[in-house]
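structure for the following, please:
(one chain, ligands or ions: 1)
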Amino acid sequence: MEVIKMNIIVVKDSLAGGRKASELFYSAYASGARVFGLATGSTPVTTYQYLVKSKIDFSNCISINLDEYVGLKPTNEQSYRYYMEKNLFEFKPFKQSYLPQGDAADPAKEVERYDRVIADNPIDLQLLGIGRNGHIGFNEPGSSFDLTTHKVALTPSTIEANARFFEDEKDVPKYAYSMGIGSIMKSKSIILEAFGEDKANAIYDMVEGDVTEQCPASILQKHPNVTVIVDEAAATRLKK
Ligand SMILES: O=P(O)(O)OC[C@H]1O[C@](O)(CO)[C@@H](O)[C@@H]1O
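A predicted model of the protein is given here:
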């Protein structure tokens, strides 16, 4: 596979980034996109704010989220299902919204179910954030580029980074279900957002480093249609 140049858009801050991403959602929708891959975390919050204010109507669309913590019920305020309800779905409902079910009784069956969801609904546009260690979804460094949905043990750095959403670091779940990189790479188009200086190294490795499983996001160099939206702080290590 050849390495393709990513389309990189540098914006002033996360508000400008969210506005730009929401515009790209709208033009994808206008061109016929109906299946949207969605992300959680702090990064996409502004994108959802702009989508909520936009005239986009997702009622004939499908959403498929990247990941969910193992063990959390959908009603748990720290679950990604709850996050999606509060940030987007309550205001802009989709015809159908899929997330891995954190409290599924049988993890192996849950993983299979989610792979079928993705296979039955090919993703037109996938929104991604990036972890400080280069993870996408919960695909941590070292994850195979071929993986589909799987249960993953979170690294200490991800647990520490996500502890800010929990009362105590020990409450952060140790496992998550995540769409695999193999599935993410099948999305027709991808928007990856990163804001803040603590993402600058990950962005540098993703854009200018080698394609290596040590930086999961580096595989995006081989995807034909990736737009990276970064603020000035996250772009500081990129060549001008
Ligand atoms: O946007 P944040 O909160 O910095 O998180 C970055 C990434 O980490 C995750 O929250 C998983 O840890 C991803 O869903 C997200 O893209």
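
which helix of the chain spans the most residues?
helix 14-30 (DSSP state H).

and the contacts of that one?
Applying Cβ atoms under 8 Å, 6 or more residues apart in numbering, the contact partners of helix 14-30 are 9, 11, 36, 43-51, 54, 56, 61, 124-125, 127, 189, 191, 193, 195-196, 227, 229-231. C-beta here means a position set from N, CA and C on the backbone, and glycine is covered the same way.

ok, then the element right after it?
Using DSSP states H and E, the helix or strand that directly follows helix 14-30 along the chain is strand 35-38.

how about Thr155: what's its closest non-neighbour residue?
In this structure, Thr155 finds its nearest non-sequential neighbour in Glu140, 4.9 Å apart by Cβ to Cβ, 6 or more residues apart in numbering.

quick one: which of the contacts of helix 14-30 sit in helices?
Counting by DSSP H, the contacts of helix 14-30 place 45-51 in helices.

among these, name the buried ones.
Among those, those classed as buried by 16 or more other Cβ atoms under 10 Å are 46-51.

derive a ChimeraX selection command for the buried subset of the contacts of helix 14-30.
Buried residues among these (16+ other Cβ under 10 Å), as a ChimeraX selection:
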select :9,11,36,43,44,46,47,48,49,50,51,56,61,124,125,127,189,191,193,195,227,229,230,231
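
filter the contacts of helix 14-30 by proximity to the ligand?
Counting by Cβ under 6 Å from any ligand atom, Thr43 from the contacts of helix 14-30 sit close to the ligand.

buried set for the helix or strand bottoming out on mean pLDDT in the chain?
Within the chain, no helix or strand scores below helix 156-162, which has a mean of 90 by mean pLDDT, DSSP states H and E. Using 16+ other Cβ under 10 Å as the test for burial, helix 156-162 gives 158-159, 161-162.

buried residues in the next helix or strand after it?
Where DSSP H and E defines the elements, the next helix or strand beyond helix 156-162 is strand 175-178. For strand 175-178, a neighbour-count test (16+ other Cβ under 10 Å) marks 176-178 as buried.

what lines up beside strand 175-178 in the sheet?
The sheet places strand 175-178 alongside strand 67-69 (antiparallel), strand 150-153 (antiparallel), with pairing taken from DSSP bridges.

pipe these into JSON lines and attach mean pLDDT per row.
Output for those, formatted as JSON lines (pLDDT from 0 to 100):
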{"stretch": "strand 67-69", "mean pLDDT": "98"}
{"stretch": "strand 150-153", "mean pLDDT": "96"}
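
point out the most buried one among the ones you listed.
strand 67-69 (a mean of 25; mean count of other Cβ atoms under 10 Å).

gap between that one and the chain center?
11 Å (Cα atoms, centre = their mean, to the nearest Å).

what residues does it touch?
The contact list for strand 67-69 (Cβ under 8 Å, 6+ apart) reads 40, 78-81, 99-102, 137-138, 173, 175-179.
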